[in-house]
Each structure stands twice: as structure tokens, then as C-alpha cells.
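Student: sharing a model that was predicted from the sequence below.
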Number of protein chains: 2
Amino acid sequence: MPASQTNKKISPQSLTNFCINALKKVGVSDADARVTADALVMTDMWGVYTHGVKLLPGYVKRLRGGGIRVDSPPTAAWAGPGWVLIDGGSSLGQVASKFAMSKAIEKARTAGIGYAGVFNSCHFGAAGYWAWLAAKEKMIGLSMANDVPTVVAPGSRNAVLGSNPLAFAIPAGASDPVMLDISTGAVAGGKIYAAQKLGKPIPDNWIVGPSGLPTTDLHLFPDKAALLPMAGHKGYGLAFLIEVLSGALTGAAMTWAVRAWMKSDPSLPTEHGAAFLAINVSAMGPYQTFADRIDSLVREIREAPKAEGSDRIYLPGEMEWEKYRVSQKDGIALPEDVIMVLKEMAEGVGMEMREIG
Amino acid sequence: MPASQTNKKISPQSLTNFCINALKKVGVSDADARVTADALVMTDMWGVYTHGVKLLPGYVKRLRGGGIRVDSPPTAAWAGPGWVLIDGGSSLGQVASKFAMSKAIEKARTAGIGYAGVFNSCHFGAAGYWAWLAAKEKMIGLSMANDVPTVVAPGSRNAVLGSNPLAFAIPAGASDPVMLDISTGAVAGGKIYAAQKLGKPIPDNWIVGPSGLPTTDLHLFPDKAALLPMAGHKGYGLAFLIEVLSGALTGAAMTWAVRAWMKSDPSLPTEHGAAFLAINVSAMGPYQTFADRIDSLVREIREAPKAEGSDRIYLPGEMEWEKYRVSQKDGIALPEDVIMVLKEMAEGVGMEMREIG
């Protein structure tokens, strides 16, 4: 790959088509490939490159291995007025998550609030994308998932819980949806993988080494190192809650029974769990009243006095919406490490990188 | 007060009676006084002295001023299958919160999940207590509330959001409920008030001064200083979500329209908002299956290898349950600053401190 290609901007449409084609090459239906591509490309448009198309090679590997299935769509296994438990059928995590959030939204239309828990899913990419699907329907959305342990508890030597992500999206009026998508680890594991790939150093408050004490040796991760939790006991506690809502309550695998989606035997399902909540604003009062209140909150924070040395206050998600608009206009500037893994994958499935250029 | 009294242990029953008597002296009904006393004393039994009976003098002051009303009980204003919006009637925050969590639990019995939003409430004490009420009913409980701004956003000079607390409680089988109760600020404001009262120093990552930059001058708080958010943009984002679920969605006052429960004109209602969620585990499958899964998760984490220098891993809430058992057995060891403010209050309403000794 010529060096000049690494800074090339790729149109969202081209990148979407590239993803769809790659997924179809390994047996995914056109509809499921589109669902997955839409999630990955939107994530890249938000500038969250650790959770966009970079994930595709891992998914393709497991699809080829059979651990992600293309022939058993997610189904609603049990349901009540405000909830549904979904068997992901070992399908792509994106396919199961799209189905699940749609069901949570459907429940919220009648009950006012809907919970969808998923078992037998896979890695679902950026949690924020699923929350945003609810915001598009003028509902408040939350999404979360468990994962194989990579984060220590205060006092533990090794990881005991996943970096269990949590995201929300709040619809507004004139403003963009207010969104947050966080790992309950001190940082997302993806940031350490990116640093490994690029040879960049990491600070001393991200990971602990084999003794359970902090280290800057990023190559210990993930086999001989673990992440610290976000804000100590607070992130640990939130990760526990997410493990319960995504795993204990749904019947999904928990902690070490979840298989690492990138590194475990690709012939096996990962058995991730996930949870989605939708709150139907319009059921509880006029939507416009709510939207006006959110817009006013957004204005109030944005216009608040700035700290010395600061010239702007961002709303949660505002940086992502700015990057989204740049991506729409100029194309997506994928980082070098993402281009590298896509190229490897493309070769593996007999595609050429010019399909995205 | 003789110095020896400050280390005296008070029986939960005596402390409860003291609270009930104090509240009845300012016109609160026996039932409402008991609801409030139970919440405050349980919080002290957990060792969370910043949010136990220490709050009573502030409530008594506002009850005497008329800003907290004793004659307008909370009512369900609007409701649907899985939700209810509650007019707190400017009653004690504890009274409104008990009513609201009961309604969320009631909704969850039929819909599987219940959301109760409250407007026109007051300060509700420790968020964790309300979440625990759901866990007592074998449901997963969440609780949260907004408050007058004390926390900056990344880049803001002054506070833009409250320290908006978030709590959960997860019922188990043989294990104690797993619980977390956190401020979305770097620390709870109560810890700074306690340091002021006791003349103790604070670290440099708790508050910012008038320029919006970090300071250790704790006497600037709260008028000329603000808290930093927990984990930077993560705590800021979570505080925003809580403001929306407690305030924007319920119709409660938001940000600066909320009145400081201790320091504002006590003849006025504070107009706090709050939100409660209950998830009915038994609606989604056999409770015992869930309880076994939680117990196994608890054991797995507790028994994980310890970090160098650590000999124990606590589950979220485990320290509080240990303190609870000590309080039950030996009585509650209220800190000196709490005894001091209770003494002042007792004199004000014509009670004597020996009522709790």
C-alpha cells in the first residue's frame, strides 16, 4: 500500500459498500451486511476509529470459522409488556443488537419503557450506535454489553470484569442528540491495541502488570496485564451492574465464560450478553416540551463561562457530531492502523483495497 | 456536650426515635417521620455519615420555614403501563422517594420494568437507600436525582450540573445485595463540608477555584469553587443523563432553578427532581436462577487473586453491609461533626441530646 493512501479520505458510501461486500464474501445476507456496515461506518464518521470498520477483520475471521453464524437470525425468546429476552442466535452482534433495540423501542411505544436483554450475541461494536437508534425515534436510549474480563477490581491482581461499555443518547429539538459512549475501564482496550500497533507510549494509570500494580509496559496487555477501572470503585461498580443487566439477567455467558471476540477459537460462539433500554418521551408528555427543555439545557451549558485557558464547552457527543459533519462533507480519514488491518483482511477474502479508495 | 459523648455508640432504635421525635416537633406526621428516619438511620448504619441523620437539621429548618410541606403528600400525576410521573407536593424528599420507588416496583410487577419520575421533590438523602428498597423486593433498583449545580464540565469556569447521584442495588441469593451509590462529581459535596467542619485538608483534584482551575482552598466551596466531574467527560456525561431522567423528563426544576436544600430561603420549595427504576427479575425467569448467577459472580470476584499488598477484594456495597452488622450489634458511632449539628438542631426544637444517648 503506497504511503499516500493512508491519509486518503474515503466516502461513507464507498466504505459502506466495501464492508457489505466483505461480509457478503463470507456468507452474510445483504440485509445483515447492511445493518453491520451502517453501524461500523457511522462509528467511523463520529471519529471513533477504534470501534468502526477496524472491527471488520475480527468479525470476518469468526464468520469464516463459523463462530458467528449467518443462518440463525436473532429471535425474541420470552417477552412481557415492557421487556423482551432475545436469543442472538450467535449472529453478528450488530444484527442481534439492531433487532434488540428495535424490540426495546417497540415495547416502549406501548409500555413507555422497554428493556431488551440479549444472550448468545457477539461483540456489538460501539455501544453508542445502538442508543442512538432510540434517539432517532425520539426516545432516550441506553445500551451496554459485557465482555471477557480485562479490568481489575480495586485490590484484585487480575481482571475480574470486562471493560463493559455503557452508552446513552438523548433526543433533542434543534440540537443534536446528546450522547455518551464510555468504557467502564480507565480507557477502552482498543486504545491500548492502537498504541501497540503505532508504537506509542501509554501513561501509568491505564493498566496493571502481573503483580496487580500499575505499569507502562503496554505489551503485557491483554495476556499479562489488565485495565484499571474508571474512577476506581465507581467504574468497578458500574461494570458489575452492566454484567448483571447484560449477562446475569439475560442468561448470557458471564466474565471468563465469554470468549474474546478477536483472539479465541473462531469456530466457537463468543456468547456475549447485551442490554438495551428505550424510554418513550412522548408517552409521558408532549415531545416538544421535552425537546425545548433539552435544547435549553444544551444552550445553558454551552454558553456557560469558560475556565482559564479554555474557549469552548462541549456537550456530550458534540465532538462526534462535528466529526460526523466533516466525514459527510470530506470523507472519512481512517487512521493508518485501520487501513493496515483492512488491507490484510481484504487480501484474505480476495478483495482489493481500491474498492474503498 | 462532654467530649466523651462524641465516641458514644447510639442504638439504631434510639437514633430512629430521636429522628421521629424531631420531625414530629415540626409538624411531620408519624408515618412520614418514620419513613424519613428509617432512610437516614439505615444510611448511618451503612457508615455513610455524610448522608444520614446529619441531614436532619437542614430538613427541620426547611420544614419550619414551610419550604418542605407536611400537608401535601406525593401523588401519581400521570401514569402508563411501565411508568409514572409523581408530583412530590414539596414534601420531604424521603417521603416522595419512598412513594415513587413503591410505584416503580408496582409497575415492574406487571410490566417487568417500571420508571417513576418525580418533580417538586426535595433532597432525598442517600440514593442507595431507594435502590435498596427494590432489591428488598427481589428487583434490581436504580435511583438518581438532580441538584443545584456544584460540578464543572470539562472547560467550564463554574458549576454547570449538580453532583447528581446514581445508585443501584442488585438482589442476590445467599449474598448481600450488591450496591453502589456514587456522586458523578469527583467527590460528594458532603465530603468537603465535612473537611471544612473538621479542618482537614483536601487533595488538589477535587475542586476548581474562581478561574476554573484546580485548587486546595476548600473554603471557596461552594460559593466560589466547584467540584470536578468524576473521571472527566465520563462523569459529566452521566450527570447530564441523570439531569434528563430526573429533571427534563419529569418537569422538575433543572440546574440553577433547583434551590440549594440547605442554604436557600427555607420558605421556598427546592423543586428537586428524581428518578427511580425497578426491574422485576422474576418476570423474566425463575428468581433462583438469577440469584445463583449473582452469588456465583460474587464468589468469583471475592476469591480472585489479590494484587501485591492487598488481602481482600470487596464487592460493591460489601463494606457498607459489614458496617451495617457492626451498627446492629454495637450501635452507630456517629462522627463528631454529626453530633455537633444534631445538638444545635435539638436545642432549636426544644429537645435534649440525651434522647439519643
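Tutor: In hand now; what should we look at?
Student: only C-alpha atoms for contact and neighbour calcs from this point on.
Tutor: Will do.
Student: for the closest residue to chain B within the stretch 251-357 of chain A, which non-adjacent residue is spatially closest?
Tutor: When scored by CA to the nearest CA, the stretch 251-357 of chain A has residue A:307 as its residue closest to chain B, at 3.7 Å. Excluding its sequence neighbours, the residue lying closest to residue A:307 (CA to CA, 6 or more residues apart in numbering or on different chains) is residue B:157, at 3.7 Å.
Student: what helix or strand is residue A:34 located in?
Tutor: helix A:30-45 (DSSP states H and E).
Student: render the CA-only coordinates of that helix in CSV, please.
Tutor: Taking Å, rounded to 0.1, in the frame of the first residue of the first chain, the C-alpha atoms of helix A:30-45 are listed here in CSV:
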residue,chain,number,x,y,z
ASP,A,30,-27.3,-8.5,2.1
ALA,A,31,-29.7,-7.2,4.8
ASP,A,32,-27.4,-8.3,7.7
ALA,A,33,-24.3,-7.0,5.9
ARG,A,34,-26.0,-3.6,5.5
VAL,A,35,-27.0,-3.4,9.2
THR,A,36,-23.5,-4.2,10.2
ALA,A,37,-21.8,-1.8,7.7
ASP,A,38,-24.1,1.0,8.7
ALA,A,39,-23.1,0.6,12.4
LEU,A,40,-19.4,0.4,11.7
VAL,A,41,-19.3,3.3,9.2
MET,A,42,-21.4,5.6,11.4
THR,A,43,-19.0,4.9,14.2
ASP,A,44,-16.1,6.0,12.0
MET,A,45,-18.0,9.1,10.9
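Student: not counting the helix or strand following that helix itself, show me its contacts.
Tutor: Of the helices and strands lying after helix A:30-45 in sequence (DSSP H and E), the nearest is helix A:56-65. With contact meaning CA atoms under 8 Å, 6 or more residues apart in numbering or on different chains, helix A:56-65 is reached by A:19, A:22-23, A:26-27, A:68-70, A:92, A:261-262, A:266-268, A:341-342, A:345.
Student: follow-up on the earlier one: residues in contact with the residue nearest to residue A:307?
Tutor: Residue B:157 neighbours (CA under 8 Å, 6+ apart): A:304, A:305, A:306, A:307, A:308, B:210, B:211, B:212, B:213.
Student: let's check: the centremost residue of chain A is which one?
Tutor: residue A:126 (1.4 Å; CA atoms, centre = their mean).
Student: I'd say it and residue A:49 touch.
Tutor: No - Residue A:126 is beyond contact range of residue A:49, at 9.9 Å (criterion: CA atoms under 8 Å).
Student: next, show the common contact partners of these two.
Tutor: Joint contacts of residue A:126 and residue A:49 (CA under 8 Å, 6+ apart) are residue A:43.
Student: which helix or strand contains the closest residue to residue A:113 other than its chain neighbours?
Tutor: Distances taken as CA to CA, 6+ apart place residue A:279 nearest to residue A:113, at 4.5 Å, with adjacent residues excluded. For residue A:279, the element it lies in under DSSP H and E is strand A:272-280.
Student: show me what that strand is packed up against.
Tutor: Judged by 3 or more CA pairs under 8 Å, 6 or more residues apart in numbering or on different chains; DSSP states H and E, strand A:272-280 is in contact with helix A:93-111, strand A:113-121, helix A:127-136, strand A:139-145.
Student: if the nearest residue to residue A:112 once chain neighbours are set aside is in a bridge, with which residues?
Tutor: Distance criterion CA to CA, 6+ apart; nearest residue to residue A:112, sequence neighbours excluded, is residue A:280 at 5.0 Å. Beta bridges link residue A:280 to residue A:139 when assigned by DSSP bridges.
Student: since we're on residue A:280, how many residues are nearby?
Tutor: Residue A:280 has 27 neighbouring residues, counting by other CA atoms under 10 Å in any protein chain shown.
Student: that one and residue B:274, how far apart?
Tutor: Distance of residue A:280 to residue B:274, given as CA to CA, to the nearest Å: 17 Å.
Student: what sits against the nearest residue in space to residue A:28 that is not next to it in sequence?
Tutor: Spatially, and ignoring its direct neighbours in sequence, residue A:28 is nearest to residue A:70 (5.5 Å; CA to CA, 6+ apart). By CA under 8 Å, 6+ apart, the residues touching residue A:70 are A:27, A:28, A:29, A:63, A:91, A:92.
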